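K.L.:
I'd like to go over a predicted model; first the sequence, then the structure.
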Amino acid sequence: TLALSEQASADGSKVFTGVLTKVAQAKKKDAGGAGGAGAKRRGDSAVQLARKMISSLQIPGIVVNDTGVVQAFNPAAEQMLGYQLVDVVGRNVSMLMNDKDAAKHDEYLKAYKTTGEAKIIGKERTVQAKTKAGKLVDVKLSITESEDDKGKKVWTGLLHQVSQLGGADQAPKAAKK
């Protein structure tokens, strides 16, 4: 699966970020097929692969599972929001949202699972992200959907900070290693 996100850079040019994932083939008879025993032999779980994928991105990225629990949080997201990986992995992604969106997020997930109607997946929208200090930051959020090695849905959210001056885009600073 290719998850592609389009963003505008500070100079107005378009920047595309692609995340390529191997999707489990549920009907594959061979257990050594995609996402099967072969993946286990390599020692990479779906969570480990998600972490590897987004850790190299220069823009903030977050991967959540089908219950909204954060599975991966990259260094650029750490820098933008002030949280460390250990602060967010294993917790509900709603901790990174303004109170209004946080209160409704689990309902949004439940509705999507029930209806299959995507309202924000594959689209970019401006939302408020909450920093560790409690400050709300305007960001453009792009969400893509894929599946883990067990066929369960996972979502990758890419954040792009919106400037306080006139709404122009501002590229996040690359995380230092």
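P.N.:
Received it, and whenever you're ready, just let me know what you need. Note that this is a predicted model, so its numbers are computed, not measured.
K.L.:
buried sites along the biggest helix by length in the chain?
P.N.:
Using DSSP state H, we find that the single longest helix of the chain is helix 99-115. Within helix 99-115, the residues that qualify as buried are His105, Leu109, Tyr112, counting by 16 or more other CB atoms under 10 Å. Quick note: C-beta positions are derived from backbone N, CA and C, even for glycine.
K.L.:
repeat for stretch 134-152
P.N.:
Using 16+ other CB under 10 Å as the test for burial, stretch 134-152 gives Val137, Val139, Lys140, Leu141, Ser142, Ile143, Thr144, Ser146, Glu147, Asp148, Asp149.
K.L.:
for Ala50, state which of these is nearest.
P.N.:
Ranked by distance to Ala50 (CB to CB), the buried residues of stretch 134-152 are led by Asp148 at 7.7 Å.
K.L.:
helices or strands up against whichever strand or helix holds Gln161?
P.N.:
According to DSSP states H and E, Gln161 maps onto strand 153-161. Secondary-structure packing of strand 153-161 (3 or more CB pairs under 8 Å, 6 or more residues apart in numbering; DSSP states H and E): strand 2-8, helix 46-55, strand 61-64, helix 75-81, strand 136-147.
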